[in-house]
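Engineer: for reference, the sequence and a predicted model appear below.
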Amino acid sequence: MSTTNRDFMYELSKDNEEHGYMRKHFIDNIRCLVILLLIPYHAAQAFNTWGELNYFVFCPSKTISSFIVFCSPFYMPVMFLLAGVSTRYALNKRTYGQFIRERVKRLLIPFVFGTLVFCPILAYIGDKTNCGYDGNLFTHYRIFFTKWTDLSGFDGGFGVGQFWFLLFLFVISVVGIGIIALSKLIFRNPKADGMPFWTICLFVIPLPFLYDILSVGGKSFAEYLYVFLVGYYVFSSDKALEQIEKYRYVSLFVGLVAGITDVYMFIWSGKDFGMINTIAKAFTEWFMILALMGIGKHTMNHAGKESDYLSKRAFLFFSIHFLWIVLFQYWFSGLIATNTAVAYIVPIVFAYPATFICTEIAYRIPALCFLMGVKSKSDPAG
């Protein structure tokens, strides 16, 4: 057997041993794509038209706000759904206890580290721009740890920034494991192998009723737990994924129509459509998730140097990116604030290389990698 064939068979057996299936690279690639797009997404929040505070606020823009409103219904839910799919594969080779211990390392420790290291800087900028704080960063630490309001940090108080995602995912992983273990006792091993596409579409129905259940800061534990479990039970099925891939453009059409309708009602109409707007949001969420998964499976189910590079650094990028966006918006505000397009684009252009440089530095420091939940470059498996 040639060296090339031996290497291929080793990689194949390694994947099968780790996951019990032929590795689905499109899951990693979709996750990386979503994380890379966090920079323009979070930069856009400084231009929102609905009066929400941010660490730094520019003149409201309906166009930029439309981008947020279109993406927000499915942007983070797809990450929880991918986590549910990955959980199914992880449990093929781990006990529940091993899985939870890994979640502590990958999610809880980075949540604590990120909240203590990055969020005080974000809150300091929020206090200066929104509340007129005139002290320095070091004296502001006392305010950060003693001022408790809405946990956003926009007013200088204690906040968790983008790290809410890690905390939510940790809690949902623990609760989800309990539900999964109980369901196996009752139903043995439920599968979605015979589920037709129209049945998968019906999973949109509960979403409008979940948005306000166990909601913290506008983010619903119930919604994210639901999509996590659907990811575990439905999207981990090869036959279900074949259906989702087959009808990917149907999903994309429905998702785009619902998303554009949602944007019009919320941003451009000047009216309150109430439940109709909520239903449009739910259809945007579900069918854009179906479209992303179907198109991803069809076009992104491959490995490569770029994919491997991003996969290993994705969580580092997630942890670091928001700080650079806010810093560049703050530093450049006096030069770019008069032009909305420039004010949006310039910080993004600077934030990407700054984030990648810091990501690359952190990736080479084992202690930082441990605190930020990834394997370091020096780790044989990193």
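Structural biologist: Good, I have the coordinates.

Engineer: what about the strands in this structure?
Structural biologist: Secondary structure of the chain by DSSP state E: the strands cover 215-216, 219-220.

Engineer: run me through the strand neighbours of the last one, direction for each.
Structural biologist: So that's strand 219-220. If you go by DSSP bridges, strand 219-220 pairs up with strand 215-216 (antiparallel).

Engineer: still on that earlier bit, just name the most buried of the strands of the chain.
Structural biologist: Of all these, strand 219-220 has the most neighbours on average by mean count of other C-beta atoms under 10 Å, namely a mean of 16. Yep, even glycine has a C-beta here, placed from its N, CA and C like the rest.

Engineer: what is the rounded mean pLDDT of that one?
Structural biologist: Mean per-residue pLDDT for strand 219-220: 94.

Engineer: kindly report the same for stretch 155-167.
Structural biologist: Averaged across stretch 155-167, pLDDT comes to 95.

Engineer: from here on, call the first residue 7.
Structural biologist: Will do, 7 is the new start, and the previous item becomes stretch 161-173.

Engineer: got the CA positions of that stretch in PDB?
Structural biologist: Output of stretch 161-173 as PDB, limited to C-alpha atoms (Å, rounded to 0.1, in the frame of the first residue of the first chain):
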ATOM      1  CA  ASP A 161     -23.700  51.100  30.700                       C
ATOM      2  CA  GLY A 162     -20.300  50.100  32.200                       C
ATOM      3  CA  GLY A 163     -21.800  47.500  34.500                       C
ATOM      4  CA  PHE A 164     -21.100  43.800  34.700                       C
ATOM      5  CA  GLY A 165     -21.700  42.100  31.400                       C
ATOM      6  CA  VAL A 166     -20.800  38.900  29.500                       C
ATOM      7  CA  GLY A 167     -20.600  40.300  26.000                       C
ATOM      8  CA  GLN A 168     -20.600  37.600  23.300                       C
ATOM      9  CA  PHE A 169     -19.700  35.000  25.900                       C
ATOM     10  CA  TRP A 170     -23.400  34.600  26.700                       C
ATOM     11  CA  PHE A 171     -23.300  32.000  23.900                       C
ATOM     12  CA  LEU A 172     -20.900  29.800  25.800                       C
ATOM     13  CA  LEU A 173     -22.900  30.000  29.000                       C
END
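
Engineer: thinking again about what came up before, got CSV for the strands of the chain, with distance to residue 246 too?
Structural biologist: Listed next are the strands of the chain as CSV, based on distance: least, C-beta to C-beta, whole Å:
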stretch, distance to residue 246
strand 221-222, 29
strand 225-226, 24
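
Engineer: to residue 243, which of the ones you listed lies closest?
Structural biologist: Evaluated over those, closeness to residue 243 peaks at strand 225-226, with 25.3 Å, by C-beta to C-beta.

Engineer: of all the strands of the chain, which lies closest to residue 242?
Structural biologist: Among these, strand 225-226 comes nearest to residue 242, with 22.7 Å by C-beta to C-beta.

Engineer: contacts for the closest one next, please.
Structural biologist: With contacts defined as C-beta atoms under 8 Å, 6 or more residues apart in numbering, strand 225-226 is touched by 82, 170, 174, 216, 217, 218, 219, 220.

Engineer: out of the residues you listed, which is nearest to residue 104?
Structural biologist: The closest of the contacts of strand 225-226 to residue 104 turns out to be residue 174 (C-beta to C-beta; 21.6 Å).

Engineer: skipping adjacent residues, who's closest to the closest one in space?
Structural biologist: residue 230 (5.9 Å; C-beta to C-beta, 6 or more residues apart in numbering).

Engineer: what pLDDT is listed against that neighbour?
Structural biologist: At residue 230, pLDDT is 98.

Engineer: how about it, what does it touch?
Structural biologist: 82, 83, 86, 174, 175, 178.

Engineer: could you find the closest non-adjacent residue to residue 140?
Structural biologist: The spatially closest residue to residue 140, leaving aside those adjacent along the chain, is residue 134, at 7.6 Å (C-beta to C-beta, 6+ apart).

Engineer: ok, the one you found to residue 265 distance?
Structural biologist: As judged by C-beta to C-beta, to the nearest Å, residue 134 and residue 265 stand 35 Å apart.

Engineer: that older thread, residue 238: which of the strands of the chain is closest?
Structural biologist: Closest approach to residue 238 among these (C-beta to C-beta): strand 225-226, 18.0 Å.

Engineer: correct me, but residue 181 touches residue 235?
Structural biologist: No: counting by C-beta atoms under 8 Å, residue 181 stays clear of residue 235, with 9.5 Å between them.
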